[in-house]
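> Structure of the sequence below:
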Amino acid sequence: MQLIYIIAILFVVLIFFIVLFLKIDWKEIDRNNRQYYVDGYHIYYDRKILRKINSVTNHKKETI
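Numbers count the residues shown, from 1 in each chain. Presented below is the predicted three-dimensional model:
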């Protein structure tokens, strides 16, 4: 009798993970992951930082 309960619990858990797996929006996860480089840096913030650094260095060149 206890074996039936164990099998039933395992079956319910398996069904839960299958449903969860099917509900995941893999395209959205992939779209989100493309915003990061391999090193883990975020593309948007890297560009923002570089833009700010370039504007500061250009401003310094203009004042000199």
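
> Report the residue spans of this protein with pLDDT below the cut-off.
36-48, 56-64 (pLDDT under 70).

> and if we set it to 80?
32-64 (pLDDT under 80).

> where exactly do the helices run in it?
Taking DSSP state H, the helices of the chain run over residues 2-23, 26-33, 43-63.

> Dump these to TSV, plus mean neighbour count.
To be clear about C-beta, it is placed using only N, CA and C from the backbone, and glycine gets the same treatment. Shown next, in TSV, are the helices of the chain (neighbours: other Cβ atoms under 10 Å):
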stretch	mean neighbour count
helix 2-23	9
helix 26-33	9
helix 43-63	10
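
> Now do residue 27 against residue 51, distance only.
Distance, residue 27 to residue 51, by Cβ to Cβ, to the nearest Å: 29 Å.

> Next: residue 30.
From residue 30 over to residue 51 the distance is 27 Å, taken as Cβ to Cβ.

> Could you do residue 26 as well?
32 Å.

> what sits against residue 16?
For residue 16, the contact set (Cβ atoms under 8 Å, 6 or more residues apart in numbering) is empty.
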